[in-house]
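Q: Dropping a prediction and its sequence here:
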Amino acid sequence: MSTSLLVWIILSPLLGSILLGALYFYHIKRKPISELTFSLIGCITPFISFLITLTLFLQMKEEGITFSQHLFTWLNIDKLNIDMALLGDNLSIFMSMFVTFVGWLIHIYAIGYMRGDNGFGKFFAYFNLFLASMLILVLADNPIILFIGWEGVGVCSYLLIKFYYGKKENVIAANKAFIVNRVGDFGFLLGVVTLFFALGGVDLSFASLESNISNASSEMLVLSGFLLFVGAMGKSAQIPLYVWLPDAMAGPTPISALIHAATMVTAGVYMVARFHFIYVGTEEIGLFIAYIGAFSALLAAIIATRQTDIKKILAYSTMSQLGYMFIAVGLGFYSAGLFHVFTHAFFKAMLFMGAGGIIIALHHKQNIFEIAQHRAQLPIIKFTFLIGVIAISGIPFFSGFFSKDAILAAAFQEGQYLIWLIALGTAFLTAFYMFRMYFIVFVAPTKHKVEYVYTSKTITIPLLLLAVGAVFAGYLNLAPIFGGEAQVDSWLSQLNSKTIHMSHAVEWILIVLSVAVAVGGIFVAYKKYANFDVEKPEEEIGLIGNKFYVDEIYDTVFVKTSKKLSVFIDKVLDDKIIDGFIMNSSKTFINIGKKVAMIQNANVRFYAVFMLVGMTCVFIYLINTLGL
């Protein structure tokens, strides 16, 4: 019975999406349907998924079992077998727990945020489909089913980023996200194909792949591991495929929260952890992943220090925090990386939802200096926003402190001191730019009269619940140095993850240093921005303000070059060379035809002359041949 529940974790939001879509079509074609109806369906389905996941989690914890469900055989030819099957092991249930819970809270939040929108029902249909796609990805028993969910979240993000498609820039942002992710997806597919051939053709379930991994050559595993990570670069916005993430802020804020907190961008980290059996034996690729994560974290943090759009600051912070996660999984500390995914889901969802509450209250102002100039009194949002900023900065004893410091300790323990220094510097920048945003938005003096603005309970209640997670989620994996038992590490022991085993003295030195760096970042932000004149805002200028001109470089190297190549193929190669050759060949055949047609002209006397000439030639030949 429990095994059969697995599919309902996915079916609940999937069927909800189908029902919501049908009702929305009825709503626009026949008779209006209330927002309450859409809201109830949209919010009940993820809650059902959460309850089922919680039930399975409790049963797994009590009985120590793993769930699997075979739905049907999709393909079975020669050496290739693909089953439509689901896997409920410790990793997938761990991910499903917070994906469904945080996703459910974001659905509730969306009720208040999207109220009165013409596309209210359509939004919830997309939202449910997004959650269902992520759950397919997480619960998949083989890479092919995982890829279905992988593509599903990509399509849903495209639909939601361009939700307000009446604005050209929104459509461009959605296209950019879709195209950049296709580059990564191509790498992912090649990685799966490479792995299949490296193993000589086996059942594609993760269990089978892991048990047969020793049959593959190290060179093929390195290639497969690299190609799979290319997919993660796209989905999780790492160098060089990160440029879509800030532009994705064009969508409504609830989708920003869902993308950044619990679904799409975490898929890359989950995928690397799921294929841990490849990366364990290919340390060079693992180190490559860790360095990509470190430099992505640093680059995003530097860019965020000069951004003025509140949602883009949070977007770059997501890219930076994902960099931390890849440092961990790249170095083989899979449970530490996934624990940061877990804690990050709470405080990042809360930050985005808080930003959305501010945007709604101030009539869609997103520039932090404009927000400060027209500040409203939003006590619950201010309180929860502060908790989120403290958590992401790694201040004791909030959730982000425990998960971030575990990653810093992991880099130091492995002797990767450059990665550790980069991560430590990023921690300083994170505290600086997050508190820069907080001080400008909520603290810096303004000439505007600050008045209280009512915020819907559907916005404030999810914020308060997430605030509890942002404070206390870190205690679920309390390290031995704090007297804990590292429960998340134990739960994810199937990953053969490395753990921290340094002396407590060294750990305390690293912790004190990390906290000092974070406090230093807060102090610098306070000195510069707590009394900043918001009437004279900073501008996004210079190298950092213009994001190191990476978008412009990509536009020149890839977009404009491709366009010029296309024009060359169309106008020169196609029109002048290929079409010219064909047209000249046609004219040649026409001319030959005309000359041949001169003989076939239906003139009897002309034919008679040719017959006479021909007969004469025949007679002359016969006379010469026979000697007559």
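A: Alright, I've got the coordinates. Numbering: from 1, shown residues only.
Q: How about residue 189, nearest residue that isn't a chain neighbour?
A: Closest residue to residue 189 apart from its sequence neighbours, by Cβ to Cβ, 6 or more residues apart in numbering: residue 147 at 7.0 Å. No exception for glycine: its C-beta is placed from N, CA and C like everyone else's.
Q: Test for you: state the pLDDT assigned to the one you found.
A: Looking at residue 147, its pLDDT reads 94.
Q: So it sits against residue 192, correct?
A: Yes: Residue 147 lies in contact with residue 192 (Cβ atoms under 8 Å); the separation is 7.1 Å.
Q: Just after the lowest-mean-pLDDT helix or strand in the chain, pick out the following helix or strand.
A: Here the helix or strand of the chain ranked lowest by mean pLDDT, DSSP states H and E is helix 579-599, holding a mean of 69. Per DSSP states H and E, the first helix or strand lying C-terminal to helix 579-599 is helix 604-626.
Q: quick one: terminal-to-terminal distance for stretch 238-254?
A: In stretch 238-254, first residue to last residue: 22 Å (Cα to Cα, to the nearest Å).
Q: Tell me the buried residues in that stretch?
A: By neighbour count on 16 or more other Cβ atoms under 10 Å, the buried set for stretch 238-254 is 238-239, 241-254.
Q: circling back: just give the number of residues close to the residue nearest to residue 189.
A: 19 (other Cβ atoms under 10 Å).
Q: Flag every buried residue along whatever helix or strand it lives in.
A: Assessed by DSSP H and E, residue 147 sits inside helix 143-161. Of all the residues in helix 143-161, those buried under the rule 16+ other Cβ under 10 Å are 143-147, 149-154, 156-161.
Q: Give me the helices and strands touching that helix, please.
A: strand 80-88, helix 120-139, helix 168-198, helix 218-235, helix 253-261, helix 267-274 (3 or more Cβ pairs under 8 Å, 6 or more residues apart in numbering; DSSP states H and E).
Q: Which among these is found nearest to residue 95?
A: For the helices and strands packed on helix 143-161, proximity to residue 95 was assessed by Cβ to Cβ; helix 120-139 is nearest, at 4.6 Å.
Q: Can you report the mean pLDDT over the residues of the closest one?
A: Mean pLDDT, helix 120-139: 95.
Q: For the remainder of this discussion, apply numbering that starts at 7.
A: That works, and once the first residue is 7, the last one we named lands at helix 126-145.
Q: Output that helix as CSV, nothing but the C-alphas.
A: What follows is helix 126-145, C-alpha atoms only, in CSV (Å, rounded to 0.1, in the frame of the first residue of the first chain):
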residue,chain,number,x,y,z
PHE,A,126,-5.3,33.8,-11.7
GLY,A,127,-6.5,30.3,-12.6
LYS,A,128,-3.9,29.9,-15.3
PHE,A,129,-1.2,30.8,-12.9
PHE,A,130,-2.2,28.1,-10.4
ALA,A,131,-2.4,25.5,-13.3
TYR,A,132,1.2,26.3,-14.2
PHE,A,133,2.2,26.3,-10.6
ASN,A,134,0.8,22.9,-9.9
LEU,A,135,2.4,21.6,-13.1
PHE,A,136,5.8,23.0,-12.0
LEU,A,137,5.6,21.2,-8.7
ALA,A,138,4.6,18.0,-10.3
SER,A,139,7.5,18.2,-12.7
MET,A,140,10.0,18.7,-9.9
LEU,A,141,8.5,15.7,-8.1
ILE,A,142,8.9,13.6,-11.2
LEU,A,143,12.6,14.7,-11.3
VAL,A,144,13.1,13.8,-7.6
LEU,A,145,11.3,10.5,-7.5
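Q: Just checking the distance from it to the centre of its chain.
A: 14 Å (Cα atoms, centre = their mean, to the nearest Å).
Q: so it versus strand 86-94, what angle?
A: 110 degrees (axes from the mean of the first three to the mean of the last three Cα atoms, to 10 degrees).
Q: Pull out the buried residues from helix 126-145.
A: In helix 126-145, counting by 16+ other Cβ under 10 Å, buried: 126-145.
Q: Who are the packing partners of that helix?
A: With contacts defined as 3+ Cβ pairs under 8 Å, 6+ apart, helix 126-145 has these neighbours: helix 12-35, helix 41-69, strand 86-94, helix 96-119, helix 149-167, helix 259-267, helix 273-280.
Q: Mind doing that once more with 7 Å?
A: When contacts are defined as 3 or more Cβ pairs under 7 Å, 6 or more residues apart in numbering; DSSP states H and E, helix 126-145 sits against helix 12-35, helix 41-69, strand 86-94, helix 96-119, helix 149-167.
Q: Check these for me and report the most buried one.
A: Among those, helix 96-119 has the highest mean neighbour count (mean count of other Cβ atoms under 10 Å), at a mean of 25.
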